[in-house]
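Trainee: Sequence first, then the predicted structure:
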Amino acid sequence: MVHIGRVPVLADVVKNPTLRLQVLVDGQLDAPVRWVATSELDDPTPFLEGGEIVLTTGLAAAAWDDPAWSGYVERLGRAGAIAVGFGTGLTHVEVPAALVLAARRTRLALFAVPRAVPFVAVSRTIARLVQQEEQRALQSALAVQQQLTRAAVAPDGATAILDRLARIVRGDAVVCDRDATALLRARPRDERVTRHPLPARLAELIDRLRPQGMRASHTDAGPRGATVIQPLGLSGTPHAYLVVTATGSWDAAAQTAIAAAAALLSLDFERRAEALATAREVRTAGLHLLLSGRTESGQALLALRAAAVAPLDGARFHVLRTHCADDPVRTLNALERWAADDPAGRLVASSSGDGGPPVAVLRDGTDVADAVAALGPGGRAGLGEARALADLAAADATARAALLRASAQRPVARWDDVVDEGPPALLSGPAADEFARAVLGPLATRSTENTALLTTLDAFHRHHGQMTVIAGELRVHRNTVARRLRRVEELTGRSPNTPRGRFELWMAVEILRSGQGVGSAGTAADPGDLQGHPQLGPQAR
């Protein structure tokens, strides 16, 4: 622990043996002494700033009674004076008893200054103490800066800075990103010691600081401890935030150490930001090579030290295409942390050099739940088919198609599921809507007749045109089934008995069943009337 010099306290003055002062009222002996004021005014308070020792011989108080002395002491107390030094042997042979009683009532320190001790000797003593403490403070501050600077040049410089800072403040030191996620943390000297908890509202506090860039910081001190949040960076948007917590209040040592640590960490994170920007450019280039089929070139780029990742290693890989409603940089940061858990099995990069939505390549069998969670509220993803690394272009095509099927209800669409859903799932919402309305025509308008026709058409598809089976299921005559199918042909212009007509009608009915966006036609009142049609059962496979 480095001790920064403290301001002299009253005890340093009154207990100085060279002054031979006689303490009559202790008051607060640990009160800091800011300066000394000599005054014979009956009210010197307009000239006080607080923290002074007032020296007087009582020249103006020769005839004061008890109330006058009480008023004098009370005025000094309100002005922040910490003590009265009363010179004896001149106006007063000894300290007036009324002054002693008033000082005791208000707990204002009082001491007698013998005639042999000039007031200037007291002033010089206080000035010397202040100067000595300022010199010690300067030396201690320099020692703190030297310790933190030596830590900064260690192999794990940033963590070493946090370790040293935590010891100086006797607390904890953490570097967090803009999401309040801990990036680096001081290592406890004793694993048995419980870490200081981070502030419960840390994310909220950082959110409030972020719009102000490098200009804003936060300091909070209370009975439960103290917290300081400092932005790290040289200009513009902070790279991260230094969060320092302690159980006690900040002394000069802590304040000096925090300021020095923030400056050193800012330089470190500036270098990290430059290295990260380069690494992201290399990873994006490597990703594009892999997705274009140039596997060897892509792997070679990922093997470069500047990429700060490893070449991919595995038999089969998926491509994960993403859409994030949140800040793309924040999303990319979160996905990169997820990928770092398996560097040879996961690659995350921007889809374009100008910061497009992140794309991930991940080894077959990887759980994507955490990756999807990193996309934040409103985020969606499409997981492509697992393919060999040399065939990532095809895997990417399926990931793009799957992303089109993702929605608020299904934030992750997997290509395998899309395939299982059949051809209707390959159409996007607007396209499916247009196709189904074009095929069904008037049949897309909700009515009692149309419901019966759609139910019959659905049974026709499920039972492969077997009229007897269809009639039995619907509990109608075969002729009724035939008549309904002719009516479908009249309304749609497509015959269920021709291969093309049957396929197009089946597609339209399946889109209608899944509720993928089939809107109203004709005079239907609600565009969603036919979505997830209640008369259509589960899809037959």
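Mentor: Cool, the structure landed. Note that this is a predicted model, so its numbers are computed, not measured. Numbering: from 1, shown residues only.

Trainee: Could you use CA atoms for every contact and neighbour count after this?
Mentor: Noted.

Trainee: The stretch 251-400 of the chain: strands as residue ranges?
Mentor: 317-323, 346-350, 358-363, 380-383 (DSSP state E, counting those that start in this stretch).

Trainee: For the first one, name the packing helices and strands.
Mentor: The elements that strand 317-323 packs onto, with contact taken as 3 or more CA pairs under 8 Å, 6 or more residues apart in numbering; DSSP states H and E, are strand 358-363, strand 380-383, helix 392-405.

Trainee: can you list those in CSV and add mean pLDDT, mean neighbour count and distance to residue 65?
Mentor: Formatted as CSV, these follow (pLDDT from 0 to 100; neighbours: other CA atoms under 10 Å; distance: least, CA to CA, whole Å):
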stretch, mean pLDDT, mean neighbour count, distance to residue 65
strand 358-363, 92, 25, 84
strand 380-383, 91, 28, 84
helix 392-405, 89, 23, 91
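
Trainee: would CSV of those with distance to residue 215 be doable?
Mentor: Output for these, formatted as CSV (distance: least, CA to CA, whole Å):
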stretch, distance to residue 215
strand 358-363, 30
strand 380-383, 35
helix 392-405, 40
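
Trainee: Please look at residue 297 and residue 286 and confirm they touch.
Mentor: Yes: Residue 297 is in contact with residue 286 according to CA atoms under 8 Å; the separation is 7.4 Å.

Trainee: out of those two, which sits in the busier spot?
Mentor: Neighbour count, other CA atoms under 10 Å: between residue 297 and residue 286, residue 286 has more, with 26 against 14.

Trainee: Quick check: that one vs residue 73, distance?
Mentor: As judged by CA to CA, to the nearest Å, residue 286 and residue 73 stand 79 Å apart.

Trainee: now swap in residue 504 and tell me
Mentor: Using CA to CA, one obtains 100 Å as the distance from residue 504 to residue 73.

Trainee: do residue 389 as well
Mentor: Taking CA to CA, one finds residue 389 at 87 Å from residue 73.

Trainee: just for the stretch 201-350 of the chain, where's the confidence low?
Mentor: The stretch 201-350 of the chain contains residues with pLDDT under 70 at 222-224, 251.

Trainee: where along it do the helices fall?
Mentor: For the stretch 201-350 of the chain, helices defined by DSSP state H, counting those that start in this stretch occupy the ranges 202-209, 252-291, 295-303, 328-339.

Trainee: how about the last one as CSV, C-alpha atoms only?
Mentor: Once side chains and other backbone atoms are set aside, the C-alpha atoms of helix 328-339 remain, and they are given as CSV (Å, rounded to 0.1, in the frame of the first residue of the first chain):
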residue,chain,number,x,y,z
PRO,A,328,-23.8,-4.0,-34.8
VAL,A,329,-20.5,-3.3,-33.0
ARG,A,330,-21.9,-4.4,-29.6
THR,A,331,-23.3,-7.5,-31.3
LEU,A,332,-20.0,-8.3,-33.0
ASN,A,333,-18.2,-7.9,-29.6
ALA,A,334,-20.5,-10.4,-28.0
LEU,A,335,-20.2,-12.9,-30.8
GLU,A,336,-16.4,-12.6,-30.8
ARG,A,337,-16.4,-13.4,-27.1
TRP,A,338,-18.6,-16.5,-27.8
ALA,A,339,-16.3,-17.6,-30.6
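
Trainee: In that helix, which residues are buried?
Mentor: Neighbour-count burial for helix 328-339 flags 328, 330-336, 338-339 (criterion: 16 or more other CA atoms under 10 Å).

Trainee: how about these in JSON lines, adding distance to residue 84?
Mentor: Formatted as JSON lines, those follow (distance: CA to CA, whole Å):
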{"residue": "328", "distance to residue 84": "65"}
{"residue": "330", "distance to residue 84": "60"}
{"residue": "331", "distance to residue 84": "64"}
{"residue": "332", "distance to residue 84": "65"}
{"residue": "333", "distance to residue 84": "61"}
{"residue": "334", "distance to residue 84": "62"}
{"residue": "335", "distance to residue 84": "66"}
{"residue": "336", "distance to residue 84": "65"}
{"residue": "338", "distance to residue 84": "66"}
{"residue": "339", "distance to residue 84": "68"}
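
Trainee: for stretch 444-452, the distance to its chain's centre please.
Mentor: 53 Å (CA atoms, centre = their mean, to the nearest Å).
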